[in-house]
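[1] 3D model of this:
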Amino acid sequence: MNIINIKDIVEDNGKTVEENNLAVGHNIPIGTVVEFEFETCHHHDSEIHGGDGLFSKGIKRLVVCEHNRDCDGSPLYAMACCANPGEQLDDFFSAIGAANPQGFLRNNLLESMYQYTSGYPEEALTVIDVIPWSKDPRNKSHH
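    Below is the predicted model of the structure:
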């Protein structure tokens with residue numbers, strides 16, 4: 001039996017799935033506000049909830065902060081409440097004179113402080129046109 005990774009399958013054009021996916025660019029620029037559906041599992045005490053987590057679903061609006069790729073090269077997006085959460089976290093630890101955390105701790109801090117989330121394909125995101133407050137006609141001063 002031959003085992004092959006999906007990314008290594010050769011398509012009709014003679015290139016692998018990964019090569020074709022890497023040729024596809026990211027169409028949503030960093031800094032763009034997007035809306036997307038999410039699902040979160042909340043783990044609870046097994047004695048109270050029988051060991052099952054509770055799932056919540058909803059819609060979030062965040063800012064695209066990174067362009068990533070799936071293991072097969074497909075374009076993916078990461079979002080947060082700002083366009084540069086990693087830099088802001090670095091600045092925070094620099095300001096307090098503490099060592100900048102890495103790995104698991106860093107990811108948890110990004111998630112909790114900046115609502116960082118990743119792994120979303122373009123099809124799951126809806127671009128939201130944002131009108132600056134000062135240019136929104138609903139915010140005219142009434143004199």
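[2] for the rest of this, base every contact and every neighbour count on C-alpha atoms.
    Fine.
[3] pull out the buried positions in stretch 81-100.
    Residues of stretch 81-100 classed as buried: 81-86, 89 (neighbour count, 16 or more other Cα atoms under 10 Å).
[4] contacts for it, please.
    Applying Cα atoms under 8 Å, 6 or more residues apart in numbering, the contact partners of stretch 81-100 are 30-31, 62-66, 110, 114-116.
[5] between these, which has the most around it?
    Highest neighbour count within the contacts of stretch 81-100: V64, with 27 neighbours (other Cα atoms under 10 Å).
[6] list the residues that contact I30.
    Neighbour list for I30: 63-67, 83 [criterion: Cα under 8 Å, 6+ apart].
[7] quick one: which of these is nearest K57?
    V63 (19.1 Å; Cα to Cα).
[8] where's the nearest residue to that closest one once chain neighbours are set aside relative to L109, distance?
    Leaving aside its chain neighbours, V63 sits nearest to V33 (4.4 Å; criterion: Cα to Cα, 6 or more residues apart in numbering). Between V33 and L109 the computed distance is 21 Å (Cα to Cα, to the nearest Å).
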